[in-house]
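S.K.: Return a 3D structure for these sequence lines:
(chains A and B)
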Protein chains: 2
Amino acid sequence: MRVLGIDPGLTRCGLGVVDGNVGRALTMVAVDTVRTPPDLPLAQRLLAIEGAVAAWVERFEPDAVAIERVFSQHNVRTVMGTAQASGVALVVAARHEVPVALHTPSEVKAAVTGNGRADKSQVAAMVTRLLRLTEAPRPADAADALALAICHIWRGGAQSRLEAAVLRHTITQPASRGVAR
Amino acid sequence: MRVLGIDPGLTRCGLGVVDGNVGRALTMVAVDTVRTPPDLPLAQRLLAIEGAVAAWVERFEPDAVAIERVFSQHNVRTVMGTAQASGVALVVAARHEVPVALHTPSEVKAAVTGNGRADKSQVAAMVTRLLRLTEAPRPADAADALALAICHIWRGGAQSRLEAAVLRHTITQPASRGVAR
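M.R.: Just a heads-up that it's a prediction; the model follows:
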């Protein structure tokens, strides 16, 4: 299966595509970091992130999208922008009918390094080894996006199969309720 | 000017359209609440919200969109979904090239009631009076969306004129940096 991992963020949004299956070797297909300038209005920054994610989904046609689950306990200064970027990525996946799963940072660290509290350098080192790269992907957001994709492949895509099943049985646009006058 | 106010939320997203100008009477054009079921996958809920906001922007052609600014100090249980919904609304506005402004809850309360710490019932009562409605819009999210639109009109749309100017001088899709292999 092919997974697009997304480490959401306004200033840097990591994107990484990995091919692989449980118990098989993993292959990196692409990695990149989308940057949006802090002096651009927020709506424009989110639109740029949407455009980049949509372009990757269309270009690499992943079987699933794996996005980091954002918690409000994280860095308070940046968490709102991160949550907004993740919302935009979720909508792009849904619009392209690609199953999407959220993984917590500890799930990703545990999957890739065996330790849910591993630091960024350990994650980057394991990603480099698992994908047989000659050097660690930089910046950390790029390595984190690849780690998300690996985590999703190794967790067997169970969550995404579940969501795909729900998707097939759900009306995609639930009607709004209320009165427009 | 015509303003679409949006009170973002996953379970209930308030939408309200108001026509008016500083020092003139205000007119309600439309009000509604978009609801998405909690058992739907997050990506599908956000897609439904995107669809509803896009439909309103296309139908009512607002001169500006006013969205409540979300803070991480708010209700921790729901704040992530609220931030994701606001991110989706921001992208819809940007995609339609409608200037967008964020107003804090206290700014909205102060604009509508004169008191930045007014409670929900005071806001609803003032919205009802200012728009000469026969009864208060329900639920509170609908009244809050109208209050956001009124706040934006009364603040003179200065922020949205600024953003429109920035928009005109900005490349809409900043190039991503990095290497796709």
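S.K.: what's across from A:Val65 in the sheet?
M.R.: Beta-bridge partners for A:Val65, by DSSP bridges, are A:Leu4, A:Val100.
S.K.: Identify the residues contacting it.
M.R.: By CB atoms under 8 Å, 6 or more residues apart in numbering or on different chains, the contact list for A:Val65 reads A:3-6, A:57, A:89, A:93, A:98-101. C-betas here are computed from N, CA, C, even on glycine.
S.K.: Look up how far A:Pro62 lies from the most centrally placed residue in chain A.
M.R.: Nearest residue to the geometric centre of chain A (CA atoms, centre = their mean): A:Ile6, 2.2 Å. Distance of A:Ile6 to A:Pro62, given as CB to CB, to the nearest Å: 10 Å.
S.K.: and A:Arg132, what does it touch?
M.R.: Applying CB under 8 Å, 6+ apart to A:Arg132 gives the contacts A:Ala25.
S.K.: Over to the one 3 residues further on?
M.R.: Listed by CB under 8 Å, 6+ apart, the contact partners of A:Glu135 are A:Thr128.
S.K.: Likewise for A:Ala85?
M.R.: Taking CB under 8 Å, 6+ apart as the criterion, A:Ala85 is in contact with A:8-10, A:13, A:46, A:49, B:87.
S.K.: can I get these in CSV with secondary structure, distance to A:Met80 and neighbour count?
M.R.: Formatted as CSV, the contacts of A:Ala85 follow (DSSP: H, G, I helix; E, B strand; the rest coil; distance: CB to CB, whole Å; neighbours: other CB atoms under 10 Å in any protein chain shown):
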residue, secondary structure, distance to A:Met80, neighbour count
A:Pro8, coil, 12, 29
A:Gly9, coil, 11, 22
A:Leu10, coil, 9, 23
A:Cys13, strand, 15, 28
A:Leu46, helix, 12, 29
A:Ile49, helix, 14, 30
B:Gly87, helix, 9, 35
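S.K.: from the residues you listed, which single one is nearest B:Thr128?
M.R.: B:Gly87 (30.4 Å; CB to CB).
S.K.: Columns distance to B:Val22 on top of the contacts of A:Ala85, output as a markdown table?
M.R.: As requested, the contacts of A:Ala85 are exported to a markdown table (distance: CB to CB, whole Å):
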| residue | distance to B:Val22 |
| --- | --- |
| A:Pro8 | 38 |
| A:Gly9 | 38 |
| A:Leu10 | 32 |
| A:Cys13 | 39 |
| A:Leu46 | 29 |
| A:Ile49 | 34 |
| B:Gly87 | 30 |
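S.K.: how about A:Val123, secondary structure?
M.R.: The assignment at A:Val123 comes out as helix when based on DSSP: H, G, I helix; E, B strand; the rest coil.
S.K.: give me the number of residues near it?
M.R.: A:Val123 has 24 neighbouring residues, counting by other CB atoms under 10 Å in any protein chain shown.
S.K.: Next one: it from B:Asp63, what distance?
M.R.: Distance from A:Val123 to B:Asp63, by CB to CB: 47 Å.
S.K.: Then A:Asp119?
M.R.: Going from A:Asp119 to B:Asp63 by CB to CB gives 49 Å.
S.K.: Those two: which is more packed in?
M.R.: Taking other CB under 10 Å, A:Asp119 and B:Asp63 do not tie; B:Asp63 has more neighbours (16 against 11).
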